[in-house]
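**Q** I'll drop the sequence and a predicted model, then ask my questions.
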Amino acid sequence: MAEMTKKQFQAESKRLLEMMVNSIYSQKEIFLRELISNASDAIDKIYYKALTDDRLTFNQEDYYIKITPDKDNLTLTISDTGIGMTEEELEDNLGIIAKSGSLAFKNENEIKDGQDIIGQFGVGFYSAFMVADVVTVVTKALGSDKAYKWESQGTDGYTIEVGEKETVGTDIILKLKENTEDDSYDEFLEEYRLKTIVKKYSDFIRYPIKMDVIESKLKEGSEDEYEDIIEEQTINSMVPIWRKNKNELTDEDYENFYSEKRYGFDKPLKHIHISVDGAVRYQSILFIPEQIPYDYYSKEFEKGLELYSNGVLIMEKCADLLPDYFSFVKGMVDSEDLSLNISREILQHDRQLKLIAKNIKKKIKGQLLSLLKDDQDSYEKFYQSFGRQLKYGVYSDFGANKEDLQDLLMFYSSKEKKLVTLDEYVKRMPEDQKYIYYATGESYDRIEKLPQTEVVAEKGYEILYFTEEVDEFAIKMLVKYKDKEFKSVSSGDLGIEEEEEKKEVQEENKDLFEEMKKVLGDKVKDVRVSKRLKSHPVCISTEGEVSIEMEKIINSMPD
Ligand code: ADP
Ligand code: MG
């Protein structure tokens with residue numbers, strides 16, 4: 001077919017194309033991700049063919065993707081040394097929207113796990129029209145001696161003619177739109193902008209993504225004269241750290257990844273590298289930060305992990321991957337088993353995601369427990385920053401997560417004068433001690449001086465000091481730990497006093513107590529004998545299971 005013919009997109013395609021350009025993608029920059037993904041697929045196809053075809057050899061260094069901005073002509077070219085397209089394939093794959101040559105390839109070649117081929121919907125290519133007025137494709141298929149040129153201005157159809165190209169592969173040439181008041185397009189010719197987009201979405205494409213970069217370098221033999229030198233650079237890192245073997249990676253590698261990704265400005269306390277090959281396959285690197293992000297306890301804070309599908313970034317903050325009580329965890333998940341929607345920005349079904357989230361939750365808990373066991377100092381650092389979040393987690397959702405979280409809690413101990421776990425407390429309990437005692441107050445110092453603590457302390461029992469509002473709410477939700485009930489030192493029945501003896505004294509001094517009650521009037525409900533006082537003459541206590549501190553909080557809540 002030598003002469004040029006103009007073909008119309010099918011009617012549905014026209015509408016689809018308009019829809020696509022205007023609404024499917026949330027950001028224009030996505031076009032680059034889509035074209036690079038296609039280029040990578042095209043190279044993968046040669047790779048797969050070479051696996052089964054002895055006449056083909058695959059030399060890694062022959063395969064790459066190149067991005068070439070041309071400011072003079074306002075064009076951006078994305079080239080690849082992939083499998084290319086025949087005239088028929090051009091017609092089929094680029095003439096029919098929602099037809100994916102890549103999906104067909106996967107099926108024909110029975111690439112079951114299809115780990116690497118990204119395309120499946122047959123729409124990504126058209127995202128080029130978000131930024132370009134004219135898209136030209138020059139391509140030469142593997143095993144063909146002819147090149148073809150496909151060109152389209154968007155909705156009004158496309159042309160195919162014989163083209164010129166020496167080597168096998170494809171060039172996609174975008175004639176960028178003119179800038180408007182609201183939108184700029186020439187930004188996609190800026191070296192820095194292009195690099196940023198590639199890093200963001202396509203950093204882990206397996207083949208090098210190259211670009212000619214102008215570097216100002218010291219002239220040879222000179223000490224102060226510079227010259228501009230064009231240097232071909234590879235912009236992507238190619239092998240994602242999460243696909244590397246854990247044994248080959250050092251703490252420093254993980255720390256670098258943490259700061260490169262800007263997960264935080266601190267040094268992470270711990271990293272978790274997960275590689276699962278089960279019902280859902282995924283890899284993940286998670287970090288437990290040491291410091292609280294400045295906005296952590298504010299409304300602005302958004303939890304979530306980065307989500308990749310086959311090494312391509314799909315979502316920057318996938319909130320569904322983390323429970324609220326682990327919202328401080330940073331990191332990423334990459335899975336080849338996600339069902340994506342057409343824009344590849346959201347997920348079609350969340351079954352896989354739910355499985356991954358469940359699994360991740362377990363791993364985080366396990367790692368925190370082992371940190372607590374093996375390196376209590378670090379755990380305490382972590383707990384100072386995020387303990388509050390864990391306690392919120394215990395009482396939110398009606399206590400649904402309390403089992404998961406109770407072993408991660410720590411409270412200040414009257415005996416140890418430092419944070420202890422509930423497990424430590426219970427293990428130390430003397431045999432006759434019935435309850436886990438706690439006292440609430442503004443500070444450890446203040447609690448120490450509370451008359452209510454005296455009798456418990458005198459008995460030699462340990463008391464947990466609660467200084468945060470959430471402490472007592474969390475404990476109320478737990479009710480018990482290892483069958484031991486929690487008991488406020490200010491509650492009526494401490495399970496210590498000898499009841500009979502008390503009754504006698506109460507009876508003997510009946511008149512005195514009646515008189516005191518009269519004088520105090522509404523301020524108290526009753527006046528009773530207590531055996532819990534040692535150095536203080538009187539104390540105020542509450543009846544039932546609500547402590548004075550908690551009563552204060554409840555009374556201060558709006559109705
Ligand atoms: P998808 O990638 O989901 O299949 P696209 O709209 O991105 O859909 O691309 C449509 C088809 O066009 C691809 O499946 C592939 O067959 C073909 N194609 C696109 N770009 C290239 C390229 N650079 N090299 C070879 N084939 C390509
Ligand atoms: Mg594609």
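**A** That came through, no problem. Ligands and ions are numbered 1, 2, ... in the order given.
**Q** got the phi/psi numbers for the residue in the stretch 351-500 of the chain that ligand 2 sits nearest to?
**A** Nearest to ligand 2 in the stretch 351-500 of the chain, going by C-beta to the ion, is Q352, at a distance of 20.9 Å. Every residue, glycine included, has its C-beta placed from N, CA and C. Here the main-chain torsion angles of Q352 (degrees, to the nearest 10) amount to phi -60, psi -40.
**Q** list the contacts of it.
**A** Residues near Q352 by C-beta atoms under 8 Å, 6 or more residues apart in numbering: V280, S335, D337, L338, S339.
**Q** tell me if V134 really is in a strand.
**A** Yes. Judged by DSSP: H, G, I helix; E, B strand; the rest coil, V134 forms part of a strand.
**Q** mind listing what it touches?
**A** Contacts of V134 by C-beta under 8 Å, 6+ apart are E151, S152, Q153, L174, K175.
**Q** against F204, how distant is the closest residue to the residue of the stretch 351-500 of the chain closest to ligand 2 other than its chain neighbours?
**A** In this structure, Q352 finds its nearest non-sequential neighbour in V280, 4.8 Å apart by C-beta to C-beta, 6 or more residues apart in numbering. V280 sits 19 Å away from F204, taking C-beta to C-beta, to the nearest Å as the criterion.
**Q** what segments of the stretch 51-200 of the chain are strands?
**A** For the stretch 51-200 of the chain, the strands identified by DSSP state E, counting those that start in this stretch occupy 65-70, 75-80, 132-140, 147-152, 158-163, 169-176, in order along the chain.
**Q** rebuild these as a markdown table, extending it with distance to ligand 1 and mean pLDDT.
**A** Output for the strands of the stretch 51-200 of the chain, formatted as a markdown table (distance: least, C-beta to the nearest ligand atom, whole Å; pLDDT from 0 to 100):
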| stretch | distance to ligand 1 | mean pLDDT |
| --- | --- | --- |
| strand 65-70 | 9 | 98 |
| strand 75-80 | 5 | 98 |
| strand 132-140 | 6 | 96 |
| strand 147-152 | 10 | 96 |
| strand 158-163 | 13 | 94 |
| strand 169-176 | 4 | 98 |
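**Q** what's the closest of the ones you listed to E504?
**A** Shortest separation from E504 across the strands of the stretch 51-200 of the chain is recorded for strand 65-70, at 91.7 Å, computed as C-beta to C-beta.
**Q** could you tell me the angle between that closest one and strand 75-80?
**A** What separates the directions of strand 65-70 and strand 75-80 is an angle of 170 degrees, with axes from the mean of the first three to the mean of the last three C-alpha atoms, to 10 degrees.
**Q** just checking: what are the partner strands of strand 65-70?
**A** Looking at strand 65-70 with DSSP bridges, its partner strands are strand 75-80 (antiparallel), strand 209-218 (parallel).
**Q** deepest of the ones you listed, which one?
**A** With neighbours taken as mean count of other C-beta atoms under 10 Å, the strands paired with strand 65-70 reach their highest mean count in strand 75-80, at a mean of 21.
**Q** which other residues reach it?
**A** For strand 75-80, contacts defined as C-beta under 8 Å, 6+ apart pick out 32, 35-36, 38-40, 42-43, 64-70, 132, 169-176, 188-189.
**Q** the helix or strand hosting I285 pairs with which strands, and in what direction?
**A** Secondary structure assigned from DSSP states H and E places I285 in strand 281-288. Neighbouring strands of strand 281-288 in its sheet, by DSSP bridges, are strand 270-277 (antiparallel), strand 330-335 (antiparallel).
**Q** give me the neighbour count for D522.
**A** D522 sits with 5 neighbouring residues when counted by other C-beta atoms under 10 Å.
**Q** surely it is in a helix?
**A** Yes. The assignment for D522, made by three-state DSSP, places it in a helix.
**Q** quick one, what contacts it?
**A** Remark: with contacts taken as C-beta under 8 Å, 6+ apart, D522 is in contact with nothing.
**Q** other residues contacting the strand holding I285?
**A** Counting by C-beta under 8 Å, 6+ apart, the neighbours of strand 281-288 from elsewhere in the structure are 240-243, 254, 257-258, 263-264, 268-276, 305, 328-337, 356, 360, 363-364, 367-368, 371, 382.
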